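> predicted structure and sequence below. I'll ask about it afterward.
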Amino acid sequence: MTFADIIGQEEVKQRLLHEVETGHLPHALLLAGPEGNGGFAIAWALASRLLNNSPLVGKMQHPDLSFSYPIYKKDSKKPAPCELFAKQWREMAMQNPYFDYSDWMNGIDAVNQQLMIYVDEASALLRKFSLKANQGGYKVAIIWLPERMNDECANKLLKLLEEPPTGSVFILVSEHPELLLTTIRSRCQLVEVPKFQEGDIEQVLTIRHYIDPTMAHNIARTAYGNLSVALRQIVDNSEQEQFLELFKSLMRLSYVRKVREMKLWSEEVAALGRERQKRFLNYCQRMIRENFVYNFGNPDLNYMNSKEAEFAVRFAPYINENNVIGIMDELQLCYRDIAQNGNARIIFFDFALKMIVLIKNR
């Protein structure tokens, strides 16, 4: 992975290259931005540049390059360094450097697990960085989703960032930097990595994945700058179709007030698993927003596929200025509760009941 391999994010790439070439690269970087922004790919490309574009970096086998990432404990009584999942990590990253947290969970069969970076990983980094670089240059660590470090790990890493060994570079790739310890953030130079531009996503899809330009354009519009979402759509559209059917079912049941069926609906959604539930709630927010905009009668403002647009013809009038904010607020609360490991059956049934009132508010 090199900077030449990354389509888009030109400002970020040029900034980092300039800092490397002028010798002003700090010992700790925080690449922060929304999911699907290519932050990990940029970190990997920067590591490659620092390690002289060695082929071993591309194979994730360079002795002076370390990767840290959230995992789960296979055995609660044994240490849990990230190396336990190194094989799966290499396979996923080399297949698709734009993978996201959901992809990673599926890749290690951890759909219902809570992943984190344990203190054993910080201890492993301390050992690695106490040694001289194998090839005499930099030693680089890429920490993906550092906000998932437990407190003990974060505090131990802080000591390493406060007194970094000579020639070491730490690249933290975060989607929620506000969750990091303030002291860790203060030790890092912040580099904001924005969402992808639609045109850049289209390029990735057409040039790298040979997608028909029209389809690539439609996918890019509905990805909202998230390349991970766009790539997932070209692999498998079944999830989006399932989400649409669940969304349509809830709206219809809410309108006719079929409480018993809504209870069954909430149980069906609860069975999806927490990460898919969160993606479903994001999908619902998008559909509410798109149906509200649909009422303005300007197709250029809408980002729906043909099946979604077909449903919007009749459904859109029910989403208006009287209820759109209320529905979006409830969806955000629902997402928050799911993210905090609340009871999914209760959360979704409660949301469904509230929709009875909101959908009638015309």
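Arrived safely.
> what packs against the strand or helix carrying Tyr335?
Take DSSP states H and E as the rule and Tyr335 turns out to sit in helix 324-339. Applying 3 or more Cβ pairs under 8 Å, 6 or more residues apart in numbering; DSSP states H and E, we find helix 324-339 packed against helix 274-294, helix 344-359. Where you see a C-beta, it was placed from the backbone N, CA and C, and this is true even at glycine.
> which residue comes closest to Val259 once chain neighbours are left out?
Leu353 (7.3 Å; Cβ to Cβ, 6 or more residues apart in numbering).
> go on, Gly8?
Gly8 sits nearest to Asp200 (Cβ to Cβ, 6+ apart), 3.1 Å away.
> Leu46 versus the one you found, what's the distance?
19 Å (Cβ to Cβ, to the nearest Å).
> kindly report the same for Val229.
Distance from Val229 to Leu46, by Cβ to Cβ: 24 Å.
> cool, Met251 as well?
46 Å.
> more neighbours, the two?
The neighbour comparison of Met251 against Leu46 (other Cβ atoms under 10 Å) goes to Leu46, with 27 against 19.
> and that one, that one's in a strand?
No. Leu46: not assigned to a strand; according to DSSP: H, G, I helix; E, B strand; the rest coil it is helix.
> ok, now which ones touch it?
For Leu46, the contact set (Cβ atoms under 8 Å, 6 or more residues apart in numbering) comprises 3, 16, 20, 29, 171.
> report how many residues lie close to the closest residue to Arg345 other than its chain neighbours.
Spatial nearest neighbour of Arg345, chain neighbours left out: Ala270 (4.5 Å); criterion: Cβ to Cβ, 6+ apart. Using other Cβ under 10 Å, Ala270 has 18 neighbouring residues.
> list the contacts for Ala270?
Per Cβ under 8 Å, 6+ apart, neighbours of Ala270: 277, 344-345, 348.
> hmm, 7 Å instead?
344-345, 348 (Cβ atoms under 7 Å, 6 or more residues apart in numbering).
> who wins for most neighbours among the residues you listed?
Phe348 leads these on contacts (other Cβ under 10 Å) with 28 neighbours.
> quick check: the gap between the closest residue to that one other than its chain neighbours and Leu172.
Among residues not flanking Phe348 along the chain, Ser266 sits closest, at 3.9 Å (Cβ to Cβ, 6+ apart). Distance, Ser266 to Leu172, by Cβ to Cβ: 38 Å.
> so which of these two has more stuff around it?
Leu172 (30 against 21).
> part of a helix, is the more buried one?
No. Applying three-state DSSP, one finds Leu172 to be strand, outside a helix.
> surely it is in contact with Leu190?
No. Counting by Cβ atoms under 7 Å, Leu172 stays clear of Leu190, with 9.9 Å between them.
> which residues are in contact with each of these two?
Taking Cβ under 7 Å, 6+ apart as the contact rule, Leu172 and Leu190 both touch Leu30.
> low-confidence stretches in the stretch 201-350 of the chain?
Where the stretch 201-350 of the chain drops to pLDDT under 70, the residues are 235-237.
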